[in-house]
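**Q** this is a predicted model, with the sequence first.
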Amino acid sequence: QVQLAESGGGLVQAGGSLRLSCATSTRTFNSYTMYWFRQAPGKEREFVAAISWSGISTYYADSVKGRFTISRDNAKNTVYLQMNSLKPEDTAVYYCAARLPGDGPITHTPGDMGSWGKGTLVTVSS
């Protein structure tokens, strides 16, 4: 289990930007593939983006491709989600999650994650 803490959520107008952060104190942060998921009211949690332990490989849901960018700073034990051109349908609680590469390939399934943060709320007004 890895302790994860998201920050950076808030209220933004459509077309605006936010940058989410997810920090951990674990010394083995650079061993983990890191993920962002989101859950809108009344909907299931869905995959948003993932980044390999090295930061070389990134993966995105089709709904955010070209607008969101996932990155990581292993020296700071932090993963980021830069969100641009936000839409009202991006409104959700955003969660970061961690998974060891040895646990399998990149997955979009929330149940495959090993650790979760508590989430940060992003609200996009129209």
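**A** Right, received. Where do you want to start?

**Q** which residues sit against the helix or strand of the chain at the bottom of the mean pLDDT ranking?
**A** Within the chain, confidence by mean pLDDT, DSSP states H and E is lowest for strand 115-116 among all helices and strands, at a mean of 95. Residues from elsewhere that reach strand 115-116, judged by CB atoms under 8 Å, 6 or more residues apart in numbering: 1-4, 95-99. Glycine gets a C-beta too; all of them are placed from N, C-alpha and C.

**Q** swap in 6 Å and give it another go.
**A** Outside strand 115-116, the residues that touch it by CB atoms under 6 Å, 6 or more residues apart in numbering are 1-2, 4, 95, 97-98.

**Q** closest to the centroid, which residue in this structure?
**A** residue 36 (2.0 Å; CA atoms, centre = their mean).

**Q** so that residue sits against residue 47, correct?
**A** No: in this structure residue 36 lies outside contact range of residue 47 using CB atoms under 6 Å: 8.1 Å.

**Q** could I get the contacts of strand 115-116 in TSV, plus columns for neighbour count?
**A** Formatted as TSV, the contacts of strand 115-116 follow (neighbours: other CB atoms under 10 Å):
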residue	neighbour count
1	8
2	21
4	24
95	23
97	24
98	24
